[in-house]
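Q: Pasting the sequence and the predicted coordinates here, then a few questions.
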Amino acid sequence: MKNTLQIVSATYINDYKLNITFNDGFVGIVDFSFYLNKSLNPSIRIFLDLKKFKSFQVKTANYCGGL
């Protein structure tokens, strides 16, 4: 059985970009700007506020934006 891919850590870079490390050792930069700007969901769009976006935490291997 394959292991589940999980986020180990994430650090804010700039704008809407995070440097994300996964449990398989892969590290990559994810730019959320396109997703946030295209979303019509107000629960997602609140993270266009950079203060809210930067307040993310990694909890139990999930991205929890400002929650």
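A: Nice, I can see it. Small disclaimer: the values here were computed from a predicted structure and weren't measured. Numbering: from 1, shown residues only.

Q: drop to CA atoms for contacts and neighbour counts, all remaining ones
A: Fine.

Q: does the nearest residue to residue 53 once chain neighbours are set aside sit in a helix, a strand or a coil?
A: What sits nearest to residue 53 in space, not counting adjacent residues and going by C-alpha to C-alpha, 6 or more residues apart in numbering, is residue 47, at 4.8 Å. What DSSP: H, G, I helix; E, B strand; the rest coil gives for residue 47 is helix.

Q: Next one: residue 47 relative to residue 54, how far apart?
A: When distance is defined by C-alpha to C-alpha, to the nearest Å, residue 47 is 9 Å away from residue 54.

Q: now the helices: where do they sit in this protein?
A: Ranges of helices in the chain, per DSSP state H, are 33-38, 42-45, 50-54.

Q: ok, residue 36 to residue 5 distance?
A: 23 Å.

Q: who's more crowded, the two?
A: A side-by-side neighbour count of residue 36 and residue 5, using other C-alpha atoms under 10 Å, places residue 36 first with 17 against 10.

Q: Residue 45 is in contact with the more buried one, correct?
A: Yes. Applying C-alpha atoms under 8 Å, one finds residue 36 in contact with residue 45, separated by 5.8 Å.

Q: where in the protein is pLDDT low?
A: 1-2, 60-67 (pLDDT under 70).

Q: Where do the strands of it begin and end?
A: 7-14, 17-22, 27-31, 57-59, 62-64 (DSSP state E).

Q: Can you give the strand pairings for the longest one, parallel or anti for each?
A: Taking DSSP bridges as the criterion, strand 7-14 sits next to strand 17-22 (antiparallel) in its sheet.
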